[in-house]
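*Asks:* sequence and predicted structure, then a few things I'm wondering about:
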Amino acid sequence: MAESAAGQAAAAVLAERDAIQANLLELDGGFTRRLLDSATLTGQTRERWDTASATLADLWETYLVYSAVVDRIAELGTGAHRPAKKDLPELDSLLTGASVRMAHLPVPLARRNLLDTGVRSATLAAAVVAMRRSFSEVTKVTSAVEAVWAQAGERLDAAAAALAAGLPRAAGLGEELEAALRDAQASVAATREAVNADPLRLWNGDRVDTSAADLVREQVAGLTARIAELDGVRSQARRRIDGLSAAVTAARAARADAVAAWRRAAPRIAALPPLPPDIAEPPLASLAALADAGRLTALSAELDRCDGALAESIKQTEGCERSAAGGLANRQELRGLLGAYKAKAARLGVAEDADLVASYDRARDLLWTAPCDLTAAAAAVAGYQQAIQTTTREGGRR
């Protein structure tokens with residue numbers, strides 16, 4: 001082999017060794033590999049990782065022997081004045097001969113050759129092929145484990161995060177929901193433990209079986225949706241409680257106005273409806289207790305009852321105020337009508353008719369007597385109007 005060719009070959013071998021070293025260091029220091037070494041593995045994963053670990057250990061042993069040969073090649077074949085002509089035979093032997101002495105698994109005594117030393121020699125190329133094969137066997141395991149942990153872990157992390165977010169909202173929503181939360185947390189933990197202990201059980205050759213993690217995530221999603229729904233109902237119920245309190249305050253103010261109007265009208269107008277009942281104090285403490293206990297169905301029913309009772313009280317209050325105001329307005333209207341009819345009688349020249357005067361006086365007495373009987377007063381005003389029409393038709397004053 002010429003000096004230039006030997007130098008080029010030596011440089012190529014050195015570069016190849018550096019690439020192998022970089023990949024081995026990355027594999028050896030990888031997060032997945034370190035987790036596998038520290039985890040309590042079971043099942044398929046334990047069996048395959050035990051084999052892969054032994055393969056990785058043999059790989060390093062082979063690499064160290066191989067690297068020592070490469071170091072000697074670099075010493076002989078690289079540098080400003082390398083290779084020297086005198087070193088070409090050794091360099092050629094290292095580059096092309098069986099220069100790498102690799103240990104191999106012991107052969108059973110019954111099949112062992114008497115001269116078997118447990119060591120076999122290989123060329124650099126053969127050593128690289130063997131290391132590549134071992135590297136592929138180990139990375140096949142670590143890559144599969146990494147894929148399972150990533151995909152299943154992502155789903156379980158999402159489920160755990162959803163539970164963590166829903167946990168504060170679930171407080172006080174009832175024992176049944178709290179028990180469901182505990183079960184969901186236990187399911188996430190148990191599934192994660194199974195995935196961590198034997199991830200390769202979920203590896204189907206080219207894809208990850210995420211069905212168990214998917215099921216847990218779906219169960220958690222359903223539970224957290226229920227939590228959100230009940231929390232929304234509870235929040236709405238609390239708003240209803242606050243709204244009920246404000247509505248009672250407003251209703252009491254309205255009742256006070258209605259009572260004042262009734263008291264102004266009662267001495268003046270007869271037969272007013274009775275005062276509206278007092279506005280009952282809402283059972284705020286018991287409503288809050290139902291909300292805190294998560295008894296949302298009972299809380300909703302009790303709020304409906306309170307709202308209905310308040311609505312009825314408000315209706316009675318409004319009716320009372322309308323009757324009081326309407327009575328006074330009706331009396332005033334009747335007084336106006338009586339005055340208008342009297343003016344009409346005067347225009348027609350019948351105002352002094354004795355019967356009309358008597359009819360007018362009767363209506364006036366009713367309208368200016370307290371309390372005023374509006375029914376009788378209205379009839380009297382109508383009677384006065386009719387009397388005017390009758391007297392006019394008969395031709396004037398009798």
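*Replies:* On my side now, so go ahead. Numbers count the residues shown, from 1 in each chain.

*Asks:* would you agree residue 346 falls within a strand?
*Replies:* No. Assessed with DSSP: H, G, I helix; E, B strand; the rest coil, residue 346 is helix; it does not lie in a strand.

*Asks:* next, count neighbours for it.
*Replies:* Residue 346 has 11 neighbours, counted by other C-beta atoms under 10 Å. Placement of C-beta: from N, CA and C, glycine included.

*Asks:* for residue 212, same thing?
*Replies:* Residue 212, neighbours per other C-beta under 10 Å, totals 18.

*Asks:* residue 35 now?
*Replies:* Neighbours of residue 35 under the rule other C-beta under 10 Å: 16.

*Asks:* and the helix or strand hosting it, what other elements does it pack with?
*Replies:* In the assignment (DSSP states H and E), residue 35 maps to helix 31-38. Contact here means 3 or more C-beta pairs under 8 Å, 6 or more residues apart in numbering; DSSP states H and E; on that basis helix 31-38 packs against helix 43-77, helix 124-170.

*Asks:* which elements pack onto the shortest one?
*Replies:* In other words, helix 43-77. Partner elements for helix 43-77 (3+ C-beta pairs under 8 Å, 6+ apart): helix 3-28, helix 31-38, helix 88-96, strand 100-103, helix 124-170.

*Asks:* mean pLDDT lowest for which of these?
*Replies:* Lowest mean pLDDT of the helices and strands packed on helix 43-77: strand 100-103, a mean of 79.

*Asks:* what's the distance between it and the middle of its chain?
*Replies:* 61 Å (C-alpha atoms, centre = their mean, to the nearest Å).

*Asks:* please name the strands paired to it in the sheet, noting orientation.
*Replies:* Each strand paired with strand 100-103, and its direction, by DSSP bridges: strand 119-122 (antiparallel).

*Asks:* where does this protein have low pLDDT?
*Replies:* Applying pLDDT under 70 to the chain picks out residues 1, 79-82, 103-118, 395-398.

*Asks:* from residue 375, how far out is residue 331?
*Replies:* 12 Å (C-beta to C-beta, to the nearest Å).

*Asks:* so what's the residue count around the residue nearest to residue 292 when sequence neighbours are not counted?
*Replies:* The spatial neighbour of residue 292 that comes closest, neighbours along the chain excluded (C-beta to C-beta, 6 or more residues apart in numbering), is residue 172 at 5.3 Å. Residue 172 has 14 neighbours, counted by other C-beta under 10 Å.
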